[in-house]
Each structure stands twice: as C-alpha cells, then as structure tokens.
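J.: quick one, structure for this:
(chains A and B)
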Amino acid sequence: MGSKKVHKGSFESSLKRLEAIVESLEQGKVSLDEAVGLYEEGIQLSRECAEKLRATELKIRKLAKSVDGDLDVTDLDKE
Amino acid sequence: MSVEKQIVSVSDITRQIKMSLEQRFPRVWIQGEISNFKHHTSGHLYFTLKDEGAQISATMWRNRVASLLFTPEDGMKVIARGGITVYPPRGSYQIDVEQLTPVGMGELQIAFDRLKQKLAGEGLFDESRKRPLPMFPERIGIITSETGAALQDMRTVIARRFPCVELILAPVRVQGAGASDEIAQALREMNRHGKVDVIVVGRGGGSLEDLWAFNEEVVARAIFASEIPVVSAVGHEIDFTIADFVADLRAPTPSAAAEMIVPDRLELLELLRNNEYTMRQALAQMITTNRERIRSLVASYAFNRPKDMIREFVQRVDELHRSIGTNIAHRYERAAQGIESLVKRIRGASPRSILRRGYAIVRRGESVVTLAQSLKCDDEATIELQDGKVVTKVQ
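T.: The predicted structure is shown next:
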C-alpha cells in the first residue's frame, strides 16, 4: 500500500478501479470509515494515473532479427 | 543460271533467325490476353499472349515476377514489355517479359474487385469479427517504412496525445517488389514477438500502384490471421484498400490512426480532476450528512430521555423530601398531643391529687398498708395527707 511506483500495465485497471470508487462514493452506501478508505485509495490512484500521463518521452523500439535469428526488440536509435 | 543452293544446318538457320529477331525486336510492347497461365514452382511465369488472330509465348523470370502489382490470370488483358527471344532447342520464339501491366487502371481495378469479392465471400470483411481496440494500449506495433512520413506523423501525434506508451516498429518496404510479403511477414512477427496491444499497418498516400501492396492477398490474410487488433492506415483518405476492409479499424491516414488508438491525455487529466472533485464532494457530503445525523440524535427525544429521567428523579426526591417533612411534623404534633393528654391523665392518677380529694396513704415503715388487718394494735403507722405526714399508733 502507498507505493509510489506506477506499475506497467496498470493504467486501465487503475482507471477502472478509480471509476468504481467514484461510483461507490457517489452512491454513498458505504460507511464513513469505508468512504474515507476509498477516498484515500481513489486519490492515490488518480495521482498515479496523472503521473503516468505526464510522462514526456515517447519510447520507440524496433522489432529486428537478433544474432541467433530470433526476433528481438531493440532501441530504434541505437544501431 | 541456277540458284546456288546454300545449305545451312538447323542450328545455323536458327541462330540467324535468333540474331535477326532479337536485333530487330530488342524491346516491344505487346498487348494481348493471357492464356495458359502457369506459375512454375521455380518462380518463373509461363503464359501465352493472344488476340483474335495470333498468339505468342511469353516467359517472365522470377526476379521480375516479384515486382508485379497483381496476380496475372487467364483472360486478363495486359501489356507486356520485353524483347523477343528465340529458344533454339524448340525452335520457338517468345517474348521475355520485363514488365507486365494490366491494360489501363481498369484492370487493376478488376484485380482489386476480384480479390475483394473473393475475400468477402470467405468472410474476411465480416463486421462481426472486428475486434474493439484496447482503450489504453501500453505497447503499439507499427508496421511501416522506417524512413516514411507515416512513422513520423504517428510518432508526433502519439507523443502529443499519450506519450506513456511504447512503440514497436517493424520496418518494412511499403511499395515495390516484395513489399506485400514483408508486410505480411511483419504482421506475423509482430504477433509472435511484439507483445503489443494493437498493430497499425500503413503508409502515407501515393498512387494506386504505390499503395498496391495493401491490396494484396498475402497482406489481407496476414491481417485476418492476426491475434492482435489491426488498424489499417494507408495514405489517401478517399481510396480504400483491401487491407482497410480486413482490418479491425480503418484509419484514413497514419495520423488519424494515431488519434484513434491512443486517448488524449489532456482529456484524461481532466477526467482525473473531475474524479477527484467528485470524490471530495461525495466525502464532504457524507461527513455533513453524518454530522447532521449526530446533531439530530443529540436533539432526539430518545437521546434526551436519561436527562429527563434524572430530572424526574430529582423532582421525586424533592417531593419525597417534602412529604417526609410534613409527615414528621404531623406525627410530632400528634405525639405531642398524646403526651399532653397522658400527662393530664398521669396527673389525674397521681396520689397527691387523690390526697387532695381527702384520701390518705397509710404506711408501716416503708410499705403501704392497703388492708386493715395488716395492722395490729400498737403498730406505728404513718398517715400521709395532702399537706404532710402524721405518725399514729394503732389502738
């Protein structure tokens, strides 16, 4: 919990979870204790997603044949 | 004068014909209809070009076949460019085709329509098999020329809209000989090794010939076989390619494809802000509601019962206290009255008051004498009267 790290592949699931949290909070059918917990989780998720969106550098790599003839992914500009 | 017979061998004459024909027709353009079309396992093409009155054999070597924009078929009208050659072992002449083009653009169109009809019949274009694109792709496969504008356009758009993705490029030739095979191969490789969420295959705009690779059956089948959703992005907004029909989504241009496959981060950031606002509002509302509830509970009848009960008890105690007070006073009064009457009665019963009424108490020594016979002659007796005692002697 409370990990600052943004996990790969988590954007969609994070956003889904966030939407679910917003919905439960909006419906207000949870206890206040639960609501506070959900709120904290939601804000955390929201911050993580935003952090991810603020990434500035687009990564691009190339699918190319490696030495053993297998396909590999290599950085585009390092050739 | 007799005609001098000049006798030559078959080979000689064939060589002369060969030289003569090949020098005379080093390059010709022949229009005709294809028949007896054979695609040999060696890769070479053998066919006959014919019209109403004649026919000529044709060969096309493998290295040139690769540059064909279409698949020749019997009955197709074509223009063949090449030189006339003679094949001495058979004594036949033929055209060595360097380039084969369908007659007019109409023929390319026919090839296109034929393939389209065929693939449609097989269900390759069915809407029902089109897959939705991932909402938030993490890795995007791009199959296009490494040096083309298409790649730059897509990079620019994705970098602006949603830079938190990784692009995996499979560089291919997008036109000319072998382009379609490279594209098909790249589609298969991207599926196997790319670990991508979506594939874009495309190139910038160009002439119908330039785009032809995207109208080839191999490409169509490779798109169809892809396990990963494919977006086609072939130049040119107006024209559709076969690839467009098979793809899960057709984008009119590479830039448009980029717009379609990634969301806009500004919109997402806005969405996140809205979510945070909604959450804050909802929580604040809950806190307010709960506070109200506490307030109303505090004010409620039930909550105030204990206080009321205490008040009632206090009141009762006060009452009891008061009633105890009156009770005691009352009793005291009654007791006092009783005592007074007793005193009166006691007073009435006192020997002194009897003495006052004329009675006397007779004592012998200390004891009171109540019977005459208790006294004998000469006994000394004390008679007590109202005002004092006299001592007498019994006679």
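
J.: which is the next helix or strand following the one helix or strand B:R363 maps to?
T.: Element membership for B:R363 (DSSP states H and E) is strand B:361-364. Of the helices and strands lying after strand B:361-364 in sequence (DSSP H and E), the nearest is strand B:367-368.

J.: that following strand pairs with which strands, parallel or anti?
T.: strand B:361-364 (antiparallel) (DSSP bridges).

J.: restrict the helix ranked longest in chain A to CA atoms and write it as PDB.
T.: In chain A, assigned by DSSP state H, the helix with the most residues is helix A:32-53. Only the C-alpha atoms of helix A:32-53 are listed here, as PDB (Å, rounded to 0.1, in the frame of the first residue of the first chain):
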ATOM      1  CA  LEU A  32     -18.000   6.700   6.600                       C
ATOM      2  CA  ASP A  33     -14.900   4.600   7.600                       C
ATOM      3  CA  GLU A  34     -15.100   2.800   4.300                       C
ATOM      4  CA  ALA A  35     -15.600   6.000   2.500                       C
ATOM      5  CA  VAL A  36     -12.500   7.600   4.000                       C
ATOM      6  CA  GLY A  37     -10.500   4.500   2.900                       C
ATOM      7  CA  LEU A  38     -12.000   4.600  -0.600                       C
ATOM      8  CA  TYR A  39     -11.300   8.300  -0.900                       C
ATOM      9  CA  GLU A  40      -7.600   7.800   0.100                       C
ATOM     10  CA  GLU A  41      -7.300   4.900  -2.400                       C
ATOM     11  CA  GLY A  42      -9.000   6.900  -5.100                       C
ATOM     12  CA  ILE A  43      -6.800  10.000  -4.700                       C
ATOM     13  CA  GLN A  44      -3.700   7.700  -4.700                       C
ATOM     14  CA  LEU A  45      -4.900   6.100  -7.900                       C
ATOM     15  CA  SER A  46      -5.700   9.400  -9.500                       C
ATOM     16  CA  ARG A  47      -2.300  10.800  -8.700                       C
ATOM     17  CA  GLU A  48      -0.600   7.700 -10.100                       C
ATOM     18  CA  CYS A  49      -2.500   7.900 -13.300                       C
ATOM     19  CA  ALA A  50      -1.800  11.600 -13.700                       C
ATOM     20  CA  GLU A  51       1.900  10.900 -13.000                       C
ATOM     21  CA  LYS A  52       1.900   8.400 -15.800                       C
ATOM     22  CA  LEU A  53       0.200  10.700 -18.200                       C
END
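
J.: what helices and strands are in contact with that helix?
T.: helix A:11-27, helix B:265-299 (3 or more CB pairs under 8 Å, 6 or more residues apart in numbering or on different chains; DSSP states H and E). In short, each C-beta sits where N, CA and C put it, glycine included.

J.: give the buried residues for the strand holding B:R363.
T.: Applying a neighbour-count criterion of 16 or more other CB atoms under 10 Å in any protein chain shown, one finds B:361-362 buried in strand B:361-364.

J.: repeat that for stretch B:264-273.
T.: Here stretch B:264-273 shows B:265, B:268, B:271-272 as buried, counting by 16+ other CB under 10 Å.

J.: just the C-alphas of that stretch, formatted as PDB.
T.: What follows is stretch B:264-273, C-alpha atoms only, in PDB (Å, rounded to 0.1, in the frame of the first residue of the first chain):
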ATOM      1  CA  ASP B 264      -5.900  12.300 -25.300                       C
ATOM      2  CA  ARG B 265      -4.000  12.800 -22.100                       C
ATOM      3  CA  LEU B 266      -5.500  16.200 -21.600                       C
ATOM      4  CA  GLU B 267      -8.900  14.700 -21.600                       C
ATOM      5  CA  LEU B 268      -7.800  12.000 -19.200                       C
ATOM      6  CA  LEU B 269      -6.200  14.500 -16.900                       C
ATOM      7  CA  GLU B 270      -9.400  16.400 -17.000                       C
ATOM      8  CA  LEU B 271     -11.300  13.200 -16.200                       C
ATOM      9  CA  LEU B 272      -9.000  12.600 -13.300                       C
ATOM     10  CA  ARG B 273      -9.500  16.100 -11.900                       C
END
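
J.: which residues does it contact?
T.: A:15, A:18, A:46, A:49-50, A:53-54, B:161-164 (CB atoms under 8 Å, 6 or more residues apart in numbering or on different chains).

J.: mark which of those residues are buried, thanks.
T.: Buried by 16+ other CB under 10 Å: A:15, A:18, A:46, A:49-50, A:53, B:161-164, out of these.

J.: send me stretch B:80-97 as PDB with only the CA atoms.
T.: In PDB, the C-alpha atoms belonging to stretch B:80-97 read as follows (Å, rounded to 0.1, in the frame of the first residue of the first chain):
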ATOM      1  CA  ALA B  80       3.900  -6.900 -71.900                       C
ATOM      2  CA  ARG B  81       7.100  -5.100 -72.300                       C
ATOM      3  CA  GLY B  82      10.200  -7.100 -73.300                       C
ATOM      4  CA  GLY B  83      12.400  -8.400 -76.000                       C
ATOM      5  CA  ILE B  84      11.700 -11.200 -78.500                       C
ATOM      6  CA  THR B  85      13.900 -14.200 -78.000                       C
ATOM      7  CA  VAL B  86      14.300 -17.500 -79.700                       C
ATOM      8  CA  TYR B  87      14.700 -20.700 -77.900                       C
ATOM      9  CA  PRO B  88      16.700 -22.900 -80.300                       C
ATOM     10  CA  PRO B  89      16.100 -26.300 -78.700                       C
ATOM     11  CA  ARG B  90      12.400 -25.900 -79.600                       C
ATOM     12  CA  GLY B  91      12.700 -23.600 -82.500                       C
ATOM     13  CA  SER B  92      10.200 -21.300 -80.800                       C
ATOM     14  CA  TYR B  93      10.200 -17.600 -80.300                       C
ATOM     15  CA  GLN B  94       8.700 -15.900 -77.400                       C
ATOM     16  CA  ILE B  95       8.700 -12.600 -75.500                       C
ATOM     17  CA  ASP B  96      10.900 -12.300 -72.500                       C
ATOM     18  CA  VAL B  97       8.700 -10.100 -70.400                       C
END
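
J.: mean confidence score for that stretch?
T.: The average pLDDT within stretch B:80-97 is 94.

J.: who touches it?
T.: So stretch B:80-97 is contacted by B:10-11, B:14-15, B:17-18, B:21-22, B:24-32, B:45, B:49, B:56-61, B:64, B:98-101 (CB under 8 Å, 6+ apart).

J.: thinking again about what came up before, how about the buried residues of stretch B:264-273 in CSV, adding pLDDT and distance to B:Q373?
T.: Formatted as CSV, those follow (pLDDT from 0 to 100; distance: CB to CB, whole Å):
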residue, pLDDT, distance to B:Q373
B:R265, 90, 143
B:L268, 90, 139
B:L271, 91, 135
B:L272, 92, 133
